[in-house]
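Visitor: Okay, structure incoming, though there's no sequence with it:
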């Protein structure tokens, strides 16, 4: 799905689209939830067809609903479901179980940081449920992660859209390039830190 198509859908369906796409992504579907939120925030900034508060609320609620549904599936399916999904993603059973053990020990950090990592956010609810994380711990952490994620992306791109609309053409090109580079670099660094931590914890278990 291209950015143009997402922008057209945002124009047609607004908050419902953001909630649905973000929620389904958090449940495990390979959908561009962050892109939908960003597109809606930019649309709110430039076309004034949506309220940024509504966009942020739809994104946060969708993330929480999808992650909670994944948590329920993880509780119901447990290890069997994780291994089946891991096989579909070409991950060895040993690696899947290693991540599950890491989640059981450091689940709070994974639950929060994972919301900001592409691919990881699709499975954090499932892993939280399968690892045995208590619901009373899962819900506040998941809600906090969803709110911070939606606020950061929503407000950041809303302000970016306002600045972009007022800038000259060359400045617009430079701002778009700088924004893309910053996003890619920050996500890559965050992903490296998370998986390095997982590797260190696994090595400590084996020593």
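Guide: Perfect, I can see it now. All values derive from a computational prediction rather than experimental measurement. Numbering: from 1, shown residues only.

Visitor: CA only for contacts and neighbour counts going forward, please
Guide: OK.

Visitor: State the number of residues packed around residue 152.
Guide: Using other C-alpha atoms under 10 Å, the number of residues around residue 152 comes to 13.

Visitor: For whichever strand or helix holds it, enumerate the helices and strands it packs against.
Guide: Using DSSP states H and E, residue 152 falls within helix 135-166. For helix 135-166, the packing partners by 3 or more C-alpha pairs under 8 Å, 6 or more residues apart in numbering; DSSP states H and E come out as helix 33-46, helix 52-88, helix 93-113, helix 169-206.

Visitor: and those, which one is worst for confidence?
Guide: Lowest mean pLDDT of these: helix 169-206, a mean of 51.

Visitor: Where does the nearest residue to residue 30 once chain neighbours are set aside fall, secondary structure wise?
Guide: Once flanking residues are discounted, residue 30 sits nearest to residue 122: 7.7 Å by C-alpha to C-alpha, 6 or more residues apart in numbering. Using DSSP H and E, residue 122 sits in no helix or strand.

Visitor: Just read off the phi/psi values of residue 122.
Guide: For residue 122, the backbone dihedrals (degrees, to the nearest 10) come out as phi -70, psi -20.

Visitor: Who are the contact partners of it?
Guide: 25, 26, 27, 28, 29, 30, 67 (C-alpha atoms under 8 Å, 6 or more residues apart in numbering).

Visitor: Which pLDDT value goes with the second one?
Guide: So the one you mean is residue 26. pLDDT, read off for residue 26, is 93.

Visitor: That one against residue 127, yeah?
Guide: No: with contacts counted by C-alpha atoms under 8 Å, residue 26 stays clear of residue 127, the gap being 11.7 Å.

Visitor: Adding neighbour count and distance to residue 53, write the contacts of residue 122 out as TSV.
Guide: Shown next, in TSV, are the contacts of residue 122 (neighbours: other C-alpha atoms under 10 Å; distance: C-alpha to C-alpha, whole Å):
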residue	neighbour count	distance to residue 53
25	23	21
26	30	21
27	27	23
28	21	26
29	16	25
30	12	26
67	35	21
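
Visitor: which two in the residues you listed are spaced the farthest apart?
Guide: Farthest-apart pair in those is 30 and 67; separation 13.9 Å (C-alpha to C-alpha).

Visitor: Show me which residues of the helix holding residue 152 are buried.
Guide: For helix 135-166, the neighbour count (16 or more other C-alpha atoms under 10 Å) marks 138, 141-143, 145-151, 153-155, 157-161, 163-164 as buried.
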